[in-house]
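*Asks:* Compute the structure for the input listed below.
(chains A and B)
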Amino acid sequence: MSTSATTTPSGTARRRWWGRQPIGSLLALPYVVFVVAVFAYPLGFAVWIAFHDYFFTAPGVEVPKPFVGLDNFAAVLTDPQVLDAFRNIGVFLVINVPLTVVLSMVLATALDRGVRWAAAYRVAFYVPYLTASVSLVGVWLLLFSSRGLVNTVLGPLAPDPSWLVSSSLAMPTIALYVTWKQLGFYILLYLAALQNVPRELHESAETDGANAWQRFWAVTVPGVRTTTVLVLVLAIITGANLFTEPYLLTNGGGPDGASVTPVLLIYQRGIQQQNPDTAAAIGLLLVVVVGLLSLAANRITRER
Amino acid sequence: MRRRRPPWLRYLLLTLAAVVFAFPFWFMIVGAFQESPTNTPGQLLPTSGWTLGNFTAIDSRLDLVGSLLNSLIFTLGVLLGTVTFGLLAGYALARLDFRGRGATWVLMLLVQMVPFQLLMIPLYVQVTRGFGLGDTYLGMILPFAINTTAVFIFTQFFRALPAEIFEAARIDGASELRIVRAIAVPLVRPALTTVVLITFIGPWNEFLWPFLITKDATLQPLAVSLANYISNVAQSTANPNGAILAGATALAFPVVILFILFQRYFTASDLGSAVKG
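*Replies:* Below is the predicted model of the structure:
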């Protein structure tokens, strides 16, 4: 940092290599070490485990863990329970994603500009998003139990078997719960995006005689397209990573595995049954599926 | 004269939605203080039967105060790591020119894209077997120790400050460390509130990770002990519903109250990057 170092040719070279304030590396170092230890290394380790016959041993005991190529993936892909888990996620996404996009866009539009009590509405909308899922799952458990409030209100229309113990309704109920819990966050994203839709576009459409519905389709929807892509991708990621909800709401993916999810299986296989290798393979498979779905969502939204 | 859609339709929609969002909270807090939570709509506005019994009932099964304390230690540990190391990294990324700055920035973006669930197995192996930190606060805190969203917020904050402040100090001969101590840290207060609020909800609400690594009930945060109560103990208890709602209230309301008090510090973009908190 001395002034002479910056004037000599070797000083210039050194400055070019280390930058003008090399101490920055030192300040950023704890964060970089953290990311490497807690994200990069485990990520590589996950891939390594998935391609090896990996099992837990007593501490200090070294047992060979041979490379097995794609064996773990073959085992996982031919396992009916794993395939069911991915199908369950499919059911979840088909319900959750369209509901999320439509409801959050509509509510954000309703909340945009010049609404009285806007702050109060916003708080009501995103308090569920900020609250621990364990708390809210406790409430939904009671509301949707066989003799819970929802069924009392529905009376003779109440489904039998009830919501959380019916194999055809368990996953849809979870999808409904997650839509409800996360919606406020997506409303916020859309509210921010709506600030960037030029007011003049709405006004000129109005002058041209477009009604509110036509303006929504012709101005608002295209105006927030990039946010829609983000919402789609985030909703897919959230849905693919379900754990707490099936674990608690349907008592570990019940009834009869109707609401088992890949992450629940990762926990059961990897930690309860001590097969980290197949668990890691499920994890990688999940990431690939999520990646493909996100790409597809991106493509579909862009073409319109 | 332009014809407008009647505004009452908009308010009807918003109010209906607000009721749907807020109703479970009403049900939770009323049920927590009732002798037995109702399942009929007629009793949603009870006039009698108020009690604190549900809180003593849940406390006798899972040590409510101890669990809340564990949640607090977990959360404070994460806050401490995030505020100290996150601030330093954010300042460096925003204001200093150093080797590896671009790479660090890219690393940050990549971190936001890795789902925690994929890392669950290797992290579990690493933390419990590699580091021997199973059933410790440190093991609980470690994967969350520096919130990447917070580093983002710090970086954006320092970027928005006028460059002259830092240049002037440099010209006056202040060392870089002194600039951090005497200029960056005192200026950061507005960003600090946002960072603390956003970082708080992550560990406070987290279930999966502390659930994996704590077998010892005296170390479990409330999210974990309440979940265990719901999935194991409740079935063998005569009237668990009130106790579940009391536990749910104790877990939910610290965050709800913090948020309502400080809601102007939450903005969409902050929450946006907090998804992966």
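*Asks:* how about low-confidence regions in chain B?
*Replies:* Residue ranges of chain B with pLDDT under 70: B:1-6, B:38, B:238, B:266-277.
*Asks:* residue closest to the middle of chain A?
*Replies:* Residue closest to the mean C-alpha point of chain A, counted by Cα atoms, centre = their mean, is residue A:238 at 1.8 Å.
*Asks:* Give me the pLDDT for the nearest residue to that residue once chain neighbours are set aside.
*Replies:* Take residue A:238 and drop its neighbours on the chain: the residue closest to it by Cβ to Cβ, 6 or more residues apart in numbering or on different chains is residue A:182, 6.2 Å away. Where you see a C-beta, it was placed from the backbone N, CA and C, and this is true even at glycine. Reported pLDDT at residue A:182 in the predicted model: 94.
*Asks:* Provide the count of other residues in contact range of residue A:182.
*Replies:* Residues lying near residue A:182 (other Cβ atoms under 10 Å in any protein chain shown) number 22.
*Asks:* check contacts around it.
*Replies:* Contacts of residue A:182 were listed using Cβ atoms under 8 Å, 6 or more residues apart in numbering or on different chains, and they are A:100, A:128, A:129, A:235, A:238.
*Asks:* in the stretch 151-300 of chain A, which spans are strands?
*Replies:* Here the stretch 151-300 of chain A has no strands by DSSP state E, counting those that start in this stretch.
*Asks:* My read is that the residue nearest to the centre of chain A contacts residue A:178, right?
*Replies:* Yes. Using Cβ atoms under 8 Å, residue A:238 is in contact with residue A:178, at 6.9 Å.
*Asks:* Need the phi and psi values for residue A:67.
*Replies:* phi -70, psi 130 (degrees, to the nearest 10).
*Asks:* Bridged to it, which residues?
*Replies:* residue A:52 (DSSP bridges).
*Asks:* That one: how many residues sit nearby?
*Replies:* With other Cβ under 10 Å as criterion, residue A:67 counts 10.
*Asks:* Could you tell me how far it is located from chain B?
*Replies:* Computed with Cβ to the nearest Cβ, to the nearest Å, the distance linking residue A:67 and chain B is 17 Å.
*Asks:* Contact partners for residue A:41?
*Replies:* B:122, B:126.
*Asks:* and it, how far is that from residue A:223?
*Replies:* Distance of residue A:41 to residue A:223, given as Cβ to Cβ, to the nearest Å: 42 Å.
*Asks:* before we move on, what about residue B:211?
*Replies:* Look at residue B:211 and residue A:223: by Cβ to Cβ, they are 42 Å apart.
*Asks:* who's more crowded, those two?
*Replies:* Higher neighbour count among residue B:211 and residue A:223: residue B:211, with 21 against 16, using other Cβ under 10 Å.
*Asks:* Next, the contact list for the closest residue to chain B within the stretch 1-150 of chain A, please.
*Replies:* Nearest residue of the stretch 1-150 of chain A to chain B, counting by Cβ to the nearest Cβ: residue A:24, 3.2 Å away. Residues near residue A:24 by Cβ under 8 Å, 6+ apart: B:92, B:93, B:96, B:97, B:98, B:101, B:176.
*Asks:* what does residue B:252 give?
*Replies:* By Cβ under 8 Å, 6+ apart, the neighbours of residue B:252 are A:131, A:132, A:135, A:136, B:25, B:28.
*Asks:* One more: residue A:50?
*Replies:* A:72, A:73, A:277, A:280, A:281, A:283, A:284.
*Asks:* Quickly find the element holding the most centrally placed residue in chain B.
*Replies:* Centroid-nearest residue in chain B, with Cα atoms, centre = their mean: residue B:201, separated by 0.9 Å. Element membership for residue B:201, per DSSP states H and E: helix B:189-205.
*Asks:* Output the lowest mean pLDDT helix or strand found in chain A.
*Replies:* In chain A, no helix or strand scores lower on mean pLDDT, DSSP states H and E than helix A:3-7, which sits at a mean of 45.
*Asks:* buried residues in the very next helix or strand once past that one?
*Replies:* Helices and strands here follow DSSP H and E; after helix A:3-7, the next one along the chain is helix A:9-18. Residues residue A:18 are the ones in helix A:9-18 that count as buried (16 or more other Cβ atoms under 10 Å in any protein chain shown).
*Asks:* next helix or strand past helix A:9-18?
*Replies:* Next element after helix A:9-18 (DSSP H and E): helix A:23-35.
*Asks:* CA atoms only for that next one - export them in PDB, please.
*Replies:* Extracted in PDB, the C-alpha atoms of helix A:23-35 (Å, rounded to 0.1, in the frame of the first residue of the first chain):
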ATOM      1  CA  ILE A  23      -7.100  -6.500   1.500                       C
ATOM      2  CA  GLY A  24     -10.500  -7.100   0.000                       C
ATOM      3  CA  SER A  25      -9.600 -10.700  -0.500                       C
ATOM      4  CA  LEU A  26      -9.000 -11.000   3.300                       C
ATOM      5  CA  LEU A  27     -12.400  -9.400   4.000                       C
ATOM      6  CA  ALA A  28     -14.200 -11.700   1.600                       C
ATOM      7  CA  LEU A  29     -12.300 -14.800   2.700                       C
ATOM      8  CA  PRO A  30     -14.600 -15.900   5.600                       C
ATOM      9  CA  TYR A  31     -17.600 -15.900   3.200                       C
ATOM     10  CA  VAL A  32     -15.700 -17.700   0.500                       C
ATOM     11  CA  VAL A  33     -14.400 -20.400   2.900                       C
ATOM     12  CA  PHE A  34     -18.000 -20.800   4.200                       C
ATOM     13  CA  VAL A  35     -19.400 -21.200   0.700                       C
END
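*Asks:* And residue A:11, what's its pLDDT?
*Replies:* At residue A:11, the pLDDT value in this model is 71.
*Asks:* Also the one 4 residues further on?
*Replies:* In the predicted model, residue A:15 carries a pLDDT score of 75.
*Asks:* The one 3 residues further on too?
*Replies:* The predicted local distance difference test score for residue A:18 is 82.
*Asks:* secondary structure class for the residue nearest to it when sequence neighbours are not counted?
*Replies:* In space, and not counting its chain neighbours, residue A:18 is closest to residue B:99: 5.1 Å by Cβ to Cβ, 6+ apart. Secondary structure state of residue B:99, per DSSP: H, G, I helix; E, B strand; the rest coil, is coil.
*Asks:* Just want the phi and psi numbers for residue B:99.
*Replies:* The phi/psi pair for residue B:99 (degrees, to the nearest 10) is phi -60, psi 130.
*Asks:* Look up how far residue B:175 lies from it.
*Replies:* Counting by Cβ to Cβ, the separation of residue B:99 from residue B:175 is 19 Å.
*Asks:* can you pull the buried residues of stretch B:76-93?
*Replies:* Those buried within stretch B:76-93 under the rule 16+ other Cβ under 10 Å are B:77-79, B:81-83, B:85-93.
*Asks:* let me redo that: stretch B:59-73
*Replies:* In stretch B:59-73, counting by 16+ other Cβ under 10 Å, buried: B:59, B:61, B:62, B:63, B:64, B:66, B:67, B:68, B:70, B:71, B:73.
*Asks:* repeat for stretch A:33-44
*Replies:* Neighbour counts over stretch A:33-44 (16+ other Cβ under 10 Å) mark A:34, A:35, A:37, A:38, A:39, A:41, A:42, A:43 as buried.
*Asks:* show me what contacts the residue nearest to residue A:18?
*Replies:* For residue B:99, the contacting residues are A:17, A:18, A:19, A:22, A:25, by Cβ under 8 Å, 6+ apart.
*Asks:* which two in the buried residues of stretch B:59-73 are spaced the farthest apart?
*Replies:* B:61 and B:73 (20.9 Å; Cβ to Cβ).
*Asks:* residues making contact with stretch B:215-222?
*Replies:* B:62-64, B:66-68, B:70-71, B:74, B:134-137, B:140, B:203-204, B:206, B:210, B:214, B:225, B:228, B:247, B:250-251.
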